[in-house]
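Novice: based on what follows, work out the 3D shape:
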Amino acid sequence: MKILLRKRSLADFVRVSIHDFKEITKFRLAVSVVFSSLAGFLLGTESFHILTVISLSIGGYLMVGASNIFNQIIERDLDALMDRTKYRPIPSGRISVNAAFVLALICTLLGLVLLYSINPKTAMFGAVCIFLYTSVYTPLKTITPLAVFAGALPGAIPFMLGWVAATGHFGIEPGTLFMIQFFWQFPHFWAIGWFLYNDYEKAGFFMLPTGKKDKGTAAQILMYVIWTMIVSLIPAIGITGKLHLSLTGAIFIFLIGLVFLYFSIRLFHKRDDLSAKWLILASVAYISLLQLIYVLDKWLIQ
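Specialist: As a prediction, the model looks like this:
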């Protein structure tokens, strides 16, 4: 009986530890970042190297996880004020600040080693991503709406990081991938800021460009959706080096862009939380499908 209880206790401990690790590293966000990096890698590579893919996937996850842990350490008191975040491992007391800090350092070091094993530029951009996210974006969130601009910089790195991992070079191709995800960040995070406005207000976060859920914010969201659509189609013109997009691929990108545009126009007209929620979903679908279309266009259509 005692042995059975010990086994159950050990199993419960492992289950809870895995759950807390996934939560403190923001598993779903980290996986989406890894997906972006792999898409960029497949666009840049001419052959599939399994060790590079593994290093990029695990290293990328660890770097994103480290950024999220540092972020939650810095914002632990503010997280405790918001309904959405008060049950996270640190504010709830399940993980101590010291333990979280050690975990963040381990993730950072292991992540950098894995990315460096691919090439030095990949590790450099990974380090820049952590620095910008924790040292620039996080502090600015309680000061100015420009925090979204600062956050868009590290947020746009993963897509181009994959190309750099595949080629070891930075040029117009990864620069274009960076710009696509950079412009996309604004409607995505402003829609989140709109939907979670009341919760963010409790912690004093300034996420919306005008500071309010008004027509001005909705207009800027609409404008950046249009810019995202335009930048996404630039590779079809043939001016982005080895990064190409066929006419078929461009048509599909344009079509998913119209869906993205529709939900941004809906928010502009209705200016309610439900419209913002639909725009969040549309933005996630857009960037995911865009990356998938780009990859399929290279390997199956061109």
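
Novice: so what pLDDT did Ile3 get?
Specialist: Ile3 is assigned 48 on the pLDDT scale.

Novice: wait, I meant Ile18
Specialist: 85.

Novice: what about it, how many neighbours?
Specialist: Using other CB atoms under 10 Å, Ile18 has 11 other residues around it. Yep, even glycine has a C-beta here, placed from its N, CA and C like the rest.

Novice: what distance do you get for it to Asn71?
Specialist: 21 Å (CB to CB, to the nearest Å).

Novice: can you pull out the strands in the stretch 151-300 of the chain?
Specialist: Listed in chain order, the stretch 151-300 of the chain contains no strands at all (DSSP state E, counting those that start in this stretch).

Novice: now do the same contact list for Gly257.
Specialist: Shown in contact with Gly257 (CB atoms under 8 Å, 6 or more residues apart in numbering): 225, 228-229, 232-233, 286.

Novice: from Ala276, how far off is Val102?
Specialist: 38 Å.

Novice: more neighbours: the two, which one.
Specialist: For Val102 and Ala276, the more surrounded residue by other CB under 10 Å is Ala276, and the numbers stand at 25 against 12.

Novice: excluding chain neighbours, give the residue nearest to Leu110 in space.
Specialist: Leaving aside its chain neighbours, Leu110 sits nearest to Leu62 (5.3 Å; criterion: CB to CB, 6 or more residues apart in numbering).

Novice: helix/strand/coil for that neighbour?
Specialist: helix (DSSP: H, G, I helix; E, B strand; the rest coil).

Novice: all further residue positions should be reported with the first residue as 51.
Specialist: Sure, I'll start numbering at 51, so the last one becomes Leu112.

Novice: and it, how many neighbours?
Specialist: 24.

Novice: now do the contacts for it.
Specialist: Applying CB under 8 Å, 6+ apart, the residues near Leu112 are 157-158, 160-161, 164.

Novice: how about 7 Å then?
Specialist: 157, 160-161 (CB atoms under 7 Å, 6 or more residues apart in numbering).

Novice: so what pLDDT did it get?
Specialist: Leu112 is given a pLDDT of 96.

Novice: Cys179 versus that one, what's the distance?
Specialist: 12 Å.

Novice: try Phe120
Specialist: If you go by CB to CB, the gap between Phe120 and Cys179 works out to 12 Å.

Novice: so Phe98: helix, strand or coil?
Specialist: coil.

Novice: and for it, the neighbour number?
Specialist: Neighbour number of Phe98 under other CB under 10 Å is 9.

Novice: helices of this protein, start to end?
Specialist: 52-74, 77-94, 100-124, 126-129, 147-168, 170-181, 188-190, 197-205, 207-217, 222-245, 247-253, 265-283, 297-320, 323-346 (DSSP state H).

Novice: what comes up buried for the longest one?
Specialist: Applying a neighbour-count criterion of 16 or more other CB atoms under 10 Å, the buried positions in helix 100-124 are 102-103, 105-107, 109-123.

Novice: isn't Gly90 right next to Trp213, touching?
Specialist: Yes. Gly90 lies in contact with Trp213 (CB atoms under 7 Å); the separation is 4.5 Å.

Novice: need the residues touching each of the two.
Specialist: Joint contacts of Gly90 and Trp213 (CB under 7 Å, 6+ apart) are Leu227.

Novice: in this structure, what spans have low per-residue confidence?
Specialist: Filtered on pLDDT under 70, the chain yields the residue ranges 51-66, 352.

Novice: domain-wise, how is it divided?
Specialist: 51-219, 221-352 (automatic domain parsing).

Novice: correct me, but Gly291 touches Ile222?
Specialist: Yes. Between Gly291 and Ile222 a contact is recorded at 4.7 Å, counting by CB under 7 Å.

Novice: first-to-last residue distance for stretch 139-155?
Specialist: The first and final residues of stretch 139-155 sit 17 Å from each other (CA to CA, to the nearest Å).

Novice: what's that stretch in contact with?
Specialist: 70, 73-74, 116, 119-120, 122-123, 126, 129-130, 135.

Novice: farthest pair within those residues?
Specialist: Spatially, the most separated pair among those is Ala116 and Ala130, at 21.7 Å (CB to CB).

Novice: next up, the contacts around Ile230.
Specialist: 209, 281-282.

Novice: ranking the residues you listed by neighbours, who comes first?
Specialist: Phe209 (30 neighbours).

Novice: so how far is Ala253 from it?
Specialist: Separation of Phe209 from Ala253 (CB to CB) stands at 29 Å.

Novice: same thing with Phe304?
Specialist: 39 Å.

Novice: before we move on, what about Asn169?
Specialist: On the measure of CB to CB, Asn169 and Ala253 end up 39 Å apart.
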